[in-house]
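Trainee: Here is the input, now give the coordinates:
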Amino acid sequence: MTTTTTKDLKIIVLRSKLLEALSSVQTSVGGDQASLPILKNVLIRVTDGRIVFTATDLDLVAEHTVSGKVSKGGEFTVPFHVFYEIVKNLMSERITLERIDNALHIVTDNYEAQVYGQGAKDFPIVPSIDASHVALTFDVGVFREALSQVAFATQYSDIRPEISGVYVHSDDGGLALVATDSFRLAKRVLSSKSFSTTSQKDISFTLPIRTISDFSRIFTQESGELKLLVDSGQALFETESRRVISRLVEGGFPDYTQIIPQEFRSEAKVDGKELFHAVKIASSLSGKTNDMVIEVGGNKKFLEIRSSESALGENVYKIPAKVSGDAFSVIFNWRYVLDGLKAYEGSEVGIQVGGADKPAALRSPSHPHLLYIVMPIKG
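Mentor: Purely as a prediction, here's the structure:
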């Protein structure tokens, strides 16, 4: 009896391109608790001259396309971590990959290996996105920056899973990105000039925390156009060489506008860089609750940052300020204030206060489309 040998998927790729692709999809590979063993594999698909690497844990799908010389098309899966370790430690730049029966042959000028894998038929089908729902186009750098300016204000909540992400919605002709953990809120608005859309309806969806983290890592070096397609329950991010498909957060995002103060009793404008360092110093002498006092005295010439810890000591830092309104003294969590200041990158910052127990706002004329709200600690 003659045994038939299966030979397909033969390509030649550069190690640098291959390593970039594997690094890009790495966090989407299923872990030890994966429901299906094949989720620990990476899918290599060669079709129509395109070489695509895909990984998924069923919550997130990541794809990366690389250029190379294609001799034969085909598809095959191999254990990701074995394949990745081999490629990472090879010294040769030119790598040949070929599937022969149940193994992927890896060959360079001084190395050869066979890595056993599985056919692609058991690999999960990559979901398709209906572009007729919501299609947005950005410069990838603009969207990446906007996400970074708000994502820090959210964290996963079992009690309120609907706020465990960044809420994206239509906002007076622009597009707002909003994040909150109930103690602070960050909002960045992209003007209509910053994006285009084919949607005729108002946009409203929430990207999960995990997706935001992976987006920032996968697209960190990308430039050019980013397409964001949103279907019922899922979203697709796509550039020329990368694709990420994610589930969306279920449930409606709460009406956050109710906690944004419409008026304030006082405002102190200060140098944002100096305030940042003042808060950093205050953190070293803060108590277990991270409390820190921000106040303006009766002379209204300085903003004072105070903190104390009974076992360590106390300190006060005075910053020249342009003050309007009443004197005030408010207790904040220094971590929350510091996070907000990072987003403003050292520019002039105005602290707007409504009272010792009311939400305060950080704003900057250099960042008119950015708003940060922080709740005080009740004294």
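
Trainee: which other residues reach stretch 265-282?
Mentor: Residues from elsewhere that reach stretch 265-282, judged by Cβ atoms under 8 Å, 6 or more residues apart in numbering: 292, 296, 303, 305-307, 315, 317, 319-328, 334, 337-338, 341-342, 344-355, 364. From N, CA and C alone the C-beta is placed, and that goes for glycine too.

Trainee: Pull out the buried members of the residues you listed.
Mentor: Buried members of those, counted by 16 or more other Cβ atoms under 10 Å: 292, 296, 303, 305-307, 315, 317, 321, 323, 328, 334, 337-338, 341, 344, 346, 348-354, 364.

Trainee: Could you tell me which of these are located in strands?
Mentor: Judged by DSSP state E, the subset of these located in strands is 292, 296, 303, 305-307, 315, 317, 323, 328, 349-353.

Trainee: And those residues, which is closest to Val142?
Mentor: Val142 has its nearest neighbour among those in Val349, at 22.3 Å by Cβ to Cβ.

Trainee: Show me what the closest one is bridged to.
Mentor: Counting by DSSP bridges, Val349 is bridged to Val270.

Trainee: Run through the bridge partners of Phe53.
Mentor: Beta-bridge partners for Phe53, by DSSP bridges, are Ile44, His64.

Trainee: Can you give me the neighbour number for it?
Mentor: The tally of other residues near Phe53 (other Cβ atoms under 10 Å) stands at 22.

Trainee: wait, doesn't it sit right on Ile44?
Mentor: Yes. Using Cβ atoms under 8 Å, Phe53 is in contact with Ile44, at 6.0 Å.

Trainee: Helices of the protein, residue ranges please.
Mentor: For the chain, the helices defined by DSSP state H occupy 15-25, 80-89, 140-148, 209-218, 272-283, 334-344.

Trainee: Kindly state which of those helices is positioned closest to Phe264.
Mentor: helix 334-344 (15.8 Å).

Trainee: Does anything pack onto the closest one? Which helices or strands?
Mentor: strand 184-190, helix 272-283, strand 291-296, strand 360-363, strand 370-374 (3 or more Cβ pairs under 8 Å, 6 or more residues apart in numbering; DSSP states H and E).

Trainee: Now distance to Lys10 and mean pLDDT too, for the ones you listed, in JSON lines please.
Mentor: Converted to JSON lines, the helices and strands packed on helix 334-344 look like this (distance: least, Cβ to Cβ, whole Å; pLDDT from 0 to 100):
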{"stretch": "strand 184-190", "distance to Lys10": "45", "mean pLDDT": "98"}
{"stretch": "helix 272-283", "distance to Lys10": "55", "mean pLDDT": "96"}
{"stretch": "strand 291-296", "distance to Lys10": "63", "mean pLDDT": "96"}
{"stretch": "strand 360-363", "distance to Lys10": "57", "mean pLDDT": "97"}
{"stretch": "strand 370-374", "distance to Lys10": "51", "mean pLDDT": "98"}
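
Trainee: I'd like these as a markdown table, with distance to Val126 appended.
Mentor: Putting these into a markdown table (distance: least, Cβ to Cβ, whole Å) gives the following:
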| stretch | distance to Val126 |
| --- | --- |
| strand 184-190 | 28 |
| helix 272-283 | 44 |
| strand 291-296 | 48 |
| strand 360-363 | 42 |
| strand 370-374 | 35 |
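
Trainee: So for Gly233, which of those sits nearest?
Mentor: Closest to Gly233 of these is strand 184-190 (Cβ to Cβ; 23.5 Å).

Trainee: Listing partners with orientation, what would you give for the closest one?
Mentor: When DSSP bridges is applied, strand 184-190 pairs with strand 174-180 (antiparallel), strand 370-374 (antiparallel).

Trainee: Name the surrounding residues that touch that strand.
Mentor: Contacts of strand 184-190 (Cβ under 8 Å, 6+ apart): 138, 142-143, 146, 149-150, 152-153, 171, 174-180, 256, 259-260, 336, 339-340, 343, 369-375.

Trainee: What subset of those residues is buried?
Mentor: 138, 143, 146, 149-150, 152-153, 171, 174-180, 256, 336, 339-340, 343, 370-375.

Trainee: Spell out for me which residue occupies the centre of the protein.
Mentor: What sits nearest the mean C-alpha location of the chain, by Cα atoms, centre = their mean, is Ile212, with 2.8 Å.

Trainee: need the contact list for it.
Mentor: 147, 151, 165-166 are the contacts of Ile212 under Cβ under 8 Å, 6+ apart.

Trainee: Kindly indicate the member of the residues you listed with the most neighbours.
Mentor: Val166 (27 neighbours).

Trainee: List the residues that contact that residue.
Mentor: By Cβ under 8 Å, 6+ apart, Val166 lies in contact with 147, 150-151, 154, 177-179, 206-207, 212.

Trainee: Would you mind giving the residues you listed as CSV with distance to Tyr111 and pLDDT added?
Mentor: Listed next are these as CSV, based on distance: Cβ to Cβ, whole Å; pLDDT from 0 to 100:
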residue, distance to Tyr111, pLDDT
Leu147, 40, 96
Val150, 46, 97
Ala151, 41, 96
Thr154, 45, 95
Leu177, 46, 98
Val178, 51, 98
Ala179, 47, 98
Thr206, 46, 96
Leu207, 41, 96
Ile212, 38, 94
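
Trainee: Among those, which one sits closest to Phe80?
Mentor: Ranked by distance to Phe80 (Cβ to Cβ), the contacts of Val166 are led by Ile212 at 22.7 Å.

Trainee: Contact partners for the closest residue to that closest one other than its chain neighbours?
Mentor: By the measure of Cβ to Cβ, 6 or more residues apart in numbering, the closest residue to Ile212 outside its immediate chain neighbours is Ala151, 4.9 Å from it. With contact set as Cβ under 8 Å, 6+ apart, Ala151 has these partners: 166, 179, 209, 212-213, 216.
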